[in-house]
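Enquirer: Need coordinates for the below:
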Amino acid sequence: MTEIKKYGFTTTILHSDRQKPIEHGSLHKPIHTSVTFGYRDARQLAEVFQGKQPGYRYGRQGNPTVSALEDKITKMEQGLATICFSTGMAAIGAVAQALLREGDHVVSSAFLFGNTNSLWQTVNGQGAKVSMVDATDVRNVEAAITPATRIVFVETIANPRTQIADLKRIGQLCRDRGILYVVDNTMTSPYLFRPKMVGAGLVVNALTKSIGGHGNALGGSLTDTGLYDWTKFPNIFDSYKKYVPAQWGMAQIRAKSLRDFGGTLGPEAAHHIAVGSETMALRLDRECANALALARMLEADDRIAAVYYPGLESHPQHGIASELFARYGSLFSFELRKDIDCFDYLNRLKLAIPASNLGDTRTLVIPVAHTIFYEMGAERRAEMGIAESLIRVSVGIEDTDDLLEDFRDALSG
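Expert: Purely as a prediction, here's the structure:
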């Protein structure tokens, strides 16, 4: 038996496409724009639809260009299989749509991206109950679990206040209870952290962010790590049990969410994301170094009320971040002193751009309470520790000294 050589993170992603035949010697998987796929033998078409052999049915359910990206993400997360979606929110929504039923229960971290919080509120009003807890302490998660709990959901680093869930202990709790552990890895990316290390069964990535990295394509993904025993999950339909148990979850998600709800990733976007992923490690090394330098500078300035970044020793979960993550991420947030208007400050920045994306090559800033968390309301923002002056920073790859000067000069008015 020939041993397959293992390469490093970037080498593996860079040469992933060439591991399968590509016409004309292309180094990238071509962009396949066809919506439908023809077969010479009608029996073969039927067998593809019945799942008896691999193949493509219709563009909503799969595409060669998207499949190539799914293979890359699977390698990044060291998983069994990946399904790509049109956005990261579509990927999270697919979990709820495909796997939850009336009367089920979800335990979720309370420290969430605003749209994810909104999604769980919708789920909570449609028959499945969601308990929001402070997941920085596993005891809060354990106290919320009921016999109906099917999923525990956390983000690695919360957006925007950067709280870090008690990832390893929650993973052990879920293993002991036979509960599906779903981890959103967007704020860390597979380069900085693999949730499989802490027992995650499903991993979410918003491909728009660090993996694509250039702000030119939307996308999301779900990866099955292979750690969860799907025979323990009560909501798998019999029609998907014809596969081996390790494939049950993804077979149901692909059919009940991707096929039925149609949150399909287009081939052009998949191509942009795949090409962007090749430089993810290079970009993140620079972005994380810039973020740490900026966070340290701001923390030392008495015009700043607070800085939230896992790389700072003052961060409550600095120890967890140091133990689990290769670096501390490219996102941080900070609060200005009360006498400094956040809008005036943002308007004085010359390089950092007021915009809502994350993981871009350019540094982006946004006043959190007035934009992405505005709909949540003041009471819920207060519960999440979102101050009215909180500014979120997604740090880019600019020259470090230029960024430091920009943020420092803006404080001077």
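Enquirer: which strands and helices sit next to the helix with the most length in the chain?
Expert: For the chain, the longest helix by residue count, based on DSSP state H, is helix 280-299. If you count contacts as 3 or more C-beta pairs under 8 Å, 6 or more residues apart in numbering; DSSP states H and E, helix 280-299 packs onto helix 9-14, helix 189-192, strand 304-308, strand 331-336, helix 400-411. In short, each C-beta sits where N, CA and C put it, glycine included.
Enquirer: So what touches that helix?
Expert: Contact partners of helix 280-299, identified using C-beta atoms under 8 Å, 6 or more residues apart in numbering, comprise 9-10, 13, 189, 191-192, 210-211, 213, 304, 307, 309, 311-312, 314, 327-332, 334, 359, 361, 363, 393, 395-398, 400, 403-404, 407-408.
Enquirer: Please apply the same query to stretch 377-387.
Expert: Residues outside stretch 377-387 that contact it (C-beta under 8 Å, 6+ apart): 110, 111, 117, 160, 161, 305, 306, 335, 368, 369, 373, 376.
Enquirer: between the helices and strands packed on helix 280-299, which gets the lowest average pLDDT?
Expert: Mean pLDDT values for the helices and strands packed on helix 280-299 show the minimum at helix 9-14, a mean of 86.
Enquirer: Any buried residues in that one, and which?
Expert: Neighbour-count burial for helix 9-14 flags 13, 14 (criterion: 16 or more other C-beta atoms under 10 Å).
Enquirer: Show me what counts as buried in the helix or strand following that helix.
Expert: Using DSSP states H and E, the next helix or strand after helix 9-14 towards the C-terminus is helix 42-49. Within helix 42-49, the residues scored as buried using 16+ other C-beta under 10 Å are residue 48.
Enquirer: same question for helix 42-49, mean pLDDT?
Expert: 87.
Enquirer: so what's the nearest residue to residue 171 once chain neighbours are set aside up against?
Expert: Spatial nearest neighbour of residue 171, excluding adjacent residues (C-beta to C-beta, 6 or more residues apart in numbering): residue 199 at 3.0 Å. Neighbouring residues of residue 199 by C-beta under 8 Å, 6+ apart: 168, 171, 172, 174, 175, 181, 227.
Enquirer: same deal with residue 191?
Expert: The contact partners of residue 191, by C-beta under 8 Å, 6+ apart, come to 9, 76, 210, 280, 281, 284, 326.
Enquirer: Ok, residue 131 next?
Expert: 105, 106, 107, 108, 144.
Enquirer: at 6 Å instead, please
Expert: Contacts for residue 131 were tallied using C-beta atoms under 6 Å, 6 or more residues apart in numbering; they are 107, 144.
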